[in-house]
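>>> here is my input, please return the structure:
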Amino acid sequence: MLSAIIVCTVFAFVAGVLDSIAGGGGLITLPSMLLMGIPPHMALGTGKFASTMGTSLALMNFARNNLVVWRIAGIGILFSLLGAYVGAQVALLVNSALMGKIIVALLPVGMAMTLIPKKEQAATQGTLTPMQCWCFVPLVSFAVGAYDGFFGPGAGSFFILAFHWVLRMGLIEASATSKVFNLGSNLGALIGFLWNGKVLFALALPMAAANMAGNWVGSRMAIRLGPSIVRKFLTVSLGLLFVTLFWQYFFKE
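Numbers count the residues shown, from 1 in each chain. Model (predicted):
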């Protein structure tokens, strides 16, 4: 167990850095726990505990720098939380072995969305009509929140892409605002996993501390450097993790 704590804690720090800049930190923490033998449902719940703590710190850092678009965040946060709770409940109904295979199958989707190049554009969220706000924001918040509760990795990237491409927010502002929704969906999912006893606290507490440290470092980097360095790092590391997990769940018996 000690080796699992050490390995997963290191990955939790790296994931915190990645998640705070461009999303996709769960693509690091979840596979690392699965590779160390943590059961899929317990890995999901433990990862949600760590990411909730880390996202809170990153959000605080972005908010201090006035990068969060609170108009968008205020509309969608409750929908994000509700969607995550629903997604977590669905995940708990799936057989553990099947859940492992589903996670492997979904990894390329989350990886692809995280690694798609995103060009910076002028922020025009101020021209968004009330109808667009009250139709698009709740829909995206609930849908991505449900995905986050059921699976999780890449959810932050989905929020960033949606806000950047559809609401035409600046990339850093989209990343900062997405942290509000990430926090809402993480909390919603965490409540579901805690209620069903799916959080391994001996692992979750050190991972949470490391993830908070990573989010603090990464959010400060994001303000200065942007997400390009994260996408380059994910290309290699996530590819290797996917191959290893594919072997474990589809060939190793």
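>>> wait, residue 55 sits on residue 185?
No. With contact defined as CB atoms under 8 Å, residue 55 does not count as touching residue 185 (9.4 Å). Using the backbone N, CA and C atoms, a C-beta is placed for each residue, glycine as well.
>>> okay, those two: which has more neighbours?
Taking neighbours as other CB atoms under 10 Å, residue 55 and residue 185 compare with residue 185 leading, 36 against 29.
>>> for the helix or strand hosting that one, the averaged confidence score.
Element membership for residue 185, per DSSP states H and E: helix 171-195. Mean pLDDT, computed over helix 171-195, is 87.
>>> what's the following helix or strand after it?
That would be, after helix 171-195 and using DSSP H and E, helix 201-225.
>>> gap between that following helix and the chain center?
12 Å (CA atoms, centre = their mean, to the nearest Å).
>>> buried set for it?
By 16 or more other CB atoms under 10 Å, the buried positions in helix 201-225 come out as 203-223.
>>> need the helices for the protein, in chain order.
2-22, 26-35, 40-64, 70-92, 96-115, 130-150, 155-165, 171-195, 201-225, 228-250 (DSSP state H).
>>> rank those helices by mean pLDDT and give me the bottom one.
helix 228-250 (a mean of 62).
>>> tell me the angle the helix holding residue 185 makes with helix 40-64.
140 degrees (axes from the mean of the first three to the mean of the last three CA atoms, to 10 degrees).
>>> give me the buried positions along helix 171-195.
Here helix 171-195 shows 171-193 as buried, counting by 16+ other CB under 10 Å.
>>> now for that helix, which elements pack on it?
helix 2-22, helix 40-64, helix 70-92, helix 130-150, helix 155-165, helix 201-225 (3 or more CB pairs under 8 Å, 6 or more residues apart in numbering; DSSP states H and E).
>>> closest one to residue 243 among those helices?
helix 2-22 (16.6 Å; CB to CB).
>>> what inclination does that closest one have with respect to helix 171-195?
140 degrees.
>>> report the buried residues of helix 2-22.
For helix 2-22, by 16+ other CB under 10 Å, it's 4-5, 8-9, 11-22.
>>> closest one to residue 31 out of those residues, please.
So of the buried residues of helix 2-22, ranked by how close each gets to residue 31 (CB to CB), first place is residue 11, at 8.4 Å.
>>> could you find the closest non-adjacent residue to the closest one?
Once flanking residues are discounted, residue 11 sits nearest to residue 32: 3.9 Å by CB to CB, 6 or more residues apart in numbering.
>>> ok, that neighbour - contacts?
7, 8, 11, 12, 241 (CB atoms under 8 Å, 6 or more residues apart in numbering).
>>> redo that, cut-off 7 Å
Applying CB atoms under 7 Å, 6 or more residues apart in numbering, we find residue 32 in contact with 7, 8, 11.
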